[in-house]
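Engineer: Everything below, folded, please.
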Amino acid sequence: MSIVSGTSRPRAQVPGEIGIWAFVTGDLIVFSVFFILIAIGQKEMAEVFSTSRESLNLYFGLCNTLLLLTGSWFVAIGVERCRDGQGSDNARWFKLAIGCGLAFVLNKIFEWEAKIGAGFTPLTNDFFMYFFIFTGIHLLHVVVGVVVLIFLLKVSQRPTLNSRDIRTLESGGIFWHLVDLLWIMLFALLYLL
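Structural biologist: The predicted model follows:
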């Protein structure tokens, strides 16, 4: 793979397209409201939240955190290798990230199945309402992120990458890192605090 001459961007330039940054800002605002709602619930219903949190399996949360962090690491390597025009095996990094995303989805389904099987649903109390709704919205982000990663995989396999391809790869990577950041916040608020 090669990068078309003269298309590499200076390192000081902000990666990606302006549109992805507008989306990231909007999504962070929406999730900030979610985080505030969880914090208010924690304060107003401390005993309910504490008791409910104890019924969560920390293993599921930790596993999902490791999957997304590892997936983000793979995406960062893939984007950087494509940006620098290194080798023809760049696609493998995106394949590995896709695997991490799909494993997250499966793990989340198993977690929900275990919770529902134990009698915990969104109707159980406010904690579980927040848990299912907000992890569900995040799961939707992961599914969209996997679709984005599949697209990035296709872009990374082009024999020559131009500056637009690189910006596309960067923008997709930014979205995946957003998904990771949102999960870290949800993990801390729902499983740990």
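Engineer: so is Pro15 in a helix, a strand, or just coil?
Structural biologist: Following DSSP: H, G, I helix; E, B strand; the rest coil, we place Pro15 in the coil state.
Engineer: gap between it and Leu28?
Structural biologist: 17 Å (CB to CB, to the nearest Å). To be clear about C-beta, it is placed using only N, CA and C from the backbone, and glycine gets the same treatment.
Engineer: Compare those two (neighbour count), which wins?
Structural biologist: Pro15 (17 against 14; other CB atoms under 10 Å).
Engineer: Do I have it right that the more buried one meets Glu170?
Structural biologist: Yes. Using CB atoms under 8 Å, Pro15 is in contact with Glu170, at 3.9 Å.
Engineer: Name the nearest residue to Leu139, sequence neighbours excluded.
Structural biologist: Distances taken as CB to CB, 6 or more residues apart in numbering put Lys108 closest to Leu139, at 5.4 Å, once the chain neighbours are dropped.
Engineer: who touches that neighbour in this structure?
Structural biologist: Neighbouring residues of Lys108 by CB atoms under 8 Å, 6 or more residues apart in numbering: Phe60, Asn64, Thr135, Leu139, Val142.
Engineer: How about the secondary structure of it?
Structural biologist: When the rule is three-state DSSP, Lys108 gets the label helix.
Engineer: returning to that earlier point: buried subset of the contacts of Lys108 as a PyMOL selection?
Structural biologist: Buried subset of those, written as a PyMOL selection, criterion 16 or more other CB atoms under 10 Å:
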select buried, resi 60+64+135+139+142
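Engineer: will you turn the contacts of Lys108 into JSON lines that also has distance to Ile166 and pLDDT?
Structural biologist: JSON lines is the format used below for those (distance: CB to CB, whole Å; pLDDT from 0 to 100):
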{"residue": "Phe60", "distance to Ile166": "36", "pLDDT": "95"}
{"residue": "Asn64", "distance to Ile166": "30", "pLDDT": "97"}
{"residue": "Thr135", "distance to Ile166": "33", "pLDDT": "97"}
{"residue": "Leu139", "distance to Ile166": "29", "pLDDT": "98"}
{"residue": "Val142", "distance to Ile166": "24", "pLDDT": "98"}
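Engineer: among the contacts of Lys108, which two are most distant?
Structural biologist: Phe60 and Val142 (14.0 Å; CB to CB).
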